[in-house]
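> sequence and computational prediction follow.
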Amino acid sequence: MSLEKIVLCVSSAYDRKFYISEKFTGLPQAIKDELQIMCVMYTEEVGGELTLAFDEEGELLFHVSCDEEDLLFDEIGSVLKIKDMQNKKKELLESLEMYYKVFYLKQDASAFLDEE
């Protein structure tokens, strides 16, 4: 089984930077802006680094990491913040998954329309 993931974006509290993969330059600017706000707010509040990546099935995964010496990283706050983002940004996250499945995995878009 392949564990390859395609990174959508990364935000780092350490570098105070946000990166969106060049593979996703076709996303509308409003979506890229919303991702940046969401991810930067996470790293400002919790610390560490947040990576959003797609797995081989097209599911959008949240991966969190922090430096071992980072005593200010809030592990419990991290879990709570991610759950909150997944609830509040559910429509955005589902749309990104659909986008990835249609444009990168070449799945039939009509299958997603039938689900709604």
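Received it, and whenever you're ready, just let me know what you need.
> pretty sure L8 sits against L60.
Yes - the pair L8 / L60 is scored as a contact, 7.0 Å apart, by C-beta atoms under 8 Å. Placement of C-beta: from N, CA and C, glycine included.
> looking at the two, which is more packed in?
L8 (22 against 17; other C-beta atoms under 10 Å).
> about what we covered before: give me the common contacts of L8 and L60.
Contact criterion C-beta atoms under 8 Å, 6 or more residues apart in numbering; residues shared by L8 and L60: L52, A53, F54, L96, Y100.
> quick one: which of the residues you listed sit in helices?
Using DSSP state H, the subset of these located in helices is L96, Y100.
> can you give me the helices in the chain?
Assigned by DSSP H, the chain shows helices spanning 29-46, 75-88, 90-103, 109-115.
> is the residue nearest in space to the middle of the chain bridged to anything, and to what?
By C-alpha atoms, centre = their mean, the chain has its centre lying nearest to L52, at 2.8 Å. Beta-bridge pairing for L52 (DSSP bridges): C9, F62.
> just the pLDDT for it.
pLDDT for L52: 98.
> name the helix or strand of this protein that has the lowest mean pLDDT.
The weakest-scoring helix or strand in the chain, judged by mean pLDDT, DSSP states H and E, is helix 109-115 (a mean of 67).
> how about low-confidence regions in the chain?
Within the chain, the segments meeting pLDDT under 70 span 1-3, 112-116.
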